[in-house]
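J.: the amino acid sequence is not available; the structure is as follows:
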């Protein structure tokens with residue numbers, strides 16, 4: 001019998017590319033770790049959609065595509081970290097190792113490189129979800 005909570009956790013996936021969003025969803029899967037509940041995905045293809053959805057609340061973790069256009073995922077991450085109350089943790093996907101400094105600047109909590117390693121992505125998201133479950137701030 002599982003001890004994982006029954007209510008699903010929500011993961012926002014940001015990329016302008018539908019194929020990239022699909023690869024991210026498939027890599028994370030419906031349950032990234034046995035001790036976590038099922039995951040529901042919220043997909044956003046534009047920066048305004050990400051801001052609007054984060055402002056609504058209820059997101060437990062965010063995965064951003066650093067190569068998204070015209071608003072890159074790292075810039076979207078920085079904006080969210082600066083502007084969203086109780087911003088969920090963010091995992092950034094970067095294409096070049098040299099972009100690590102930019103991921104640090106953005107405030108990303110975890111970074112995964114391309115080509116996408118499904119195990120690294122699922123493990124990173126699971127860590128963020130565990131952290132979020134134990135560290136929520138009260139609603140204002």
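T.: Received the coordinates, thanks. This one's a predicted model, so the numbers in the text were calculated from it and none came from an experiment.

J.: check which residues of the longest helix belonging to the chain are buried.
T.: Of all segments of type helix in the chain, defined using DSSP state H, the longest is helix 118-134. For helix 118-134, a neighbour-count test (16 or more other Cβ atoms under 10 Å) marks 120, 121, 122, 123, 124, 125, 126, 127, 128, 129, 130, 132 as buried. C-beta coordinates here come from the backbone N, C-alpha and C atoms, glycine included.

J.: what segments of the chain are helices?
T.: 18-28, 47-56, 73-83, 100-106, 118-134.

J.: mind putting these into TSV with distance to residue 38 and mean pLDDT?
T.: Output for those, formatted as TSV (distance: least, Cβ to Cβ, whole Å; pLDDT from 0 to 100):
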stretch	distance to residue 38	mean pLDDT
helix 18-28	11	97
helix 47-56	19	97
helix 73-83	24	97
helix 100-106	28	94
helix 118-134	11	96
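
J.: distance to residue 6 for those - can I get that in CSV?
T.: Supplementary listing: those in CSV, determined by distance: least, Cβ to Cβ, whole Å:
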stretch, distance to residue 6
helix 18-28, 19
helix 47-56, 22
helix 73-83, 28
helix 100-106, 33
helix 118-134, 13
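
J.: which of the ones you listed sits closest to residue 34?
T.: Nearest of the helices of the chain to residue 34, taken as Cβ to Cβ: helix 118-134 at 9.4 Å.

J.: so which other helices or strands are in contact with that closest one?
T.: The contact analysis (3 or more Cβ pairs under 8 Å, 6 or more residues apart in numbering; DSSP states H and E) places helix 118-134 against strand 9-14, helix 18-28, strand 61-65, strand 90-94, strand 110-113.

J.: tell me the angle that helix makes with helix 18-28.
T.: 80 degrees (axes from the mean of the first three to the mean of the last three Cα atoms, to 10 degrees).

J.: got the contact list for helix 118-134?
T.: 5, 9, 11, 24, 26-29, 32-33, 35-36, 39, 60-61, 63, 88-91, 93, 109-110, 112 (Cβ atoms under 8 Å, 6 or more residues apart in numbering).

J.: count the neighbours of the closest residue in space to residue 77 that isn't next to it in sequence for me.
T.: Leaving aside its chain neighbours, residue 77 sits nearest to residue 106 (4.1 Å; criterion: Cβ to Cβ, 6 or more residues apart in numbering). The number of residues packed near residue 106 is 26, by other Cβ atoms under 10 Å.
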